[in-house]
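Asks: Next one to model:
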Amino acid sequence: MNSNDLRELSIEQLCSKELEFKKELFNVKFQLHTGRLENTAKLPALKKDIARLKTILRQKRG
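Replies: Numbers count the residues shown, from 1 in each chain. Next comes the predicted model:
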């Protein structure tokens, strides 16, 4: 997800998006450990998205 798209969201939407990303990260990690993950590049991309989201959330809360 693009950082410009995230900046347009409200704080409540960012919090719900963070939960969504964390659930997806859990599922990807589970697939990785069970050997069912096909696209391994998804894991670092999700981690970066979560970090980007947390940074924007912290800036908005100020």
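
Asks: so what secondary structure elements neighbour the host helix or strand of Leu53?
Replies: Element membership for Leu53, per DSSP states H and E: helix 42-61. If you count contacts as 3 or more CB pairs under 8 Å, 6 or more residues apart in numbering; DSSP states H and E, helix 42-61 packs onto helix 3-7, helix 11-34. C-betas here are computed from N, CA, C, even on glycine.

Asks: Rounded mean pLDDT for the first one, please.
Replies: When pLDDT is averaged over helix 3-7, the result is 94.

Asks: That helix: which residues count as buried?
Replies: In terms of neighbour count (16 or more other CB atoms under 10 Å), helix 3-7 has its buried residues at Leu6.

Asks: so what does it touch, helix or strand wise?
Replies: Counting by 3+ CB pairs under 8 Å, 6+ apart, helix 3-7 packs on helix 42-61.

Asks: And for Glu24, nearest residue in space, chain neighbours not counted?
Replies: Leaving out its chain neighbours, the residue that sits closest to Glu24 by CB to CB, 6 or more residues apart in numbering is Leu46, at 6.1 Å.

Asks: Redo the helices and strands packed on helix 42-61 as a markdown table? Include distance to Lys54.
Replies: Shown next, in a markdown table, are the helices and strands packed on helix 42-61 (distance: least, CB to CB, whole Å):
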| stretch | distance to Lys54 |
| --- | --- |
| helix 3-7 | 10 |
| helix 11-34 | 7 |
